[in-house]
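1. Give me the fold of what follows.
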Amino acid sequence: MNTKLKYRHELKFMINRQQYFIIRQRLKSIVEQDAHVGPTGEYHIRSLYFDDINNTALHEKLGGIRDRAKYRIRIYNNSDNLIHFEKKVKFNDYIAKLKEPLTRDMYNSIVSGNFEVLNVPDKPLLRELYYEMRNNLLRPKVIVDYVREPYVCHNGNVRITFDKELRTGLNSTDIFDEALNSVPAIDDHLIILEVKYDEYIPEYIRAALQLEGLNQQSASKYVICRKYLKTNTWEDY
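-> Residues are numbered from 1 along each chain as shown. Purely as a prediction, here's the structure:
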């Protein structure tokens, strides 16, 4: 365990539309919406996930390995104003995230196969990515696309998100591809509820969520989209 990282708890649930409307109605009077949402109370997230030549991230998740990591580039609302390369770390029941900003030119270089832009001595994450791409053939694998409705509670530093309209790209791994053919990766009536917190969930939040009555599962958007591609295209892993 890297003690320099800030680890948090993460719970995931797959819920239907009816459960979503009930839970959201309870939450609205007791928590705040994230400050970054637009007029609809949502924002759009698109990520490009990477994996190595052995599909290590995919197989470790499918195999139930508890300590693992995933790499992704993430943008918001289809804009290049904010581009991050992120490493999400899982340790037992805790998660942590490292990230570094990218410019659009850096992104273009990476997806075209020029990894030298990551060879930055004073940026440990970028250097790690450079090593992974040079030595383990870390490469783009799949686009993960969804709409997020986020809420926050300062007590316990709780973050509650409803992730809707999960889609993946069929014909491209370029997150800025204007001709991207994105298709639903799960049934439209399903929504992924995520609850992240530091040490505790306040009882009034727990009561509103009624977590005990929900079906907790390890709903990895990356795995869902990779499985969709395997089922509906010629992709093999």
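2. burial of residue 78, as a residue count?
-> Here the number of neighbours of residue 78 (other Cβ atoms under 10 Å) works out to 13. All C-beta atoms are positioned from the backbone trio N, CA, C, and that covers glycine.
3. Report the contact partners of it.
-> By Cβ atoms under 8 Å, 6 or more residues apart in numbering, the residues touching residue 78 are 44, 46, 176.
4. Next: residue 155.
-> So residue 155 contacts 202, 205 (Cβ under 8 Å, 6+ apart).
5. at 6 Å what do you get?
-> residue 202 (Cβ atoms under 6 Å, 6 or more residues apart in numbering).
6. ok, longest strand in this protein?
-> strand 139-153 (DSSP state E).
7. The next helix or strand after that strand pairs with which strands, parallel or anti?
-> Next along the chain after strand 139-153, taking DSSP states H and E as the criterion, comes strand 158-169. Applying DSSP bridges, strand 158-169 is found paired with strand 139-153 (antiparallel), strand 182-184 (antiparallel), strand 190-197 (antiparallel).
8. Can you say which of these is nearest to residue 169?
-> strand 139-153 (3.7 Å; Cβ to Cβ).
9. Now do that closest one: everything it contacts.
-> By Cβ under 6 Å, 6+ apart, strand 139-153 touches 27, 31-34, 41-51, 159-169, 173, 182, 205, 221, 225-226.
10. confidence score at residue 35?
-> Predicted confidence (pLDDT) for residue 35: 89.
11. For it, pull up the helix or strand it's in.
-> Secondary structure assigned from DSSP H and E places residue 35 in neither a helix nor a strand.
12. burial count for it?
-> Residue 35 is flanked by 7 other residues according to other Cβ under 10 Å.
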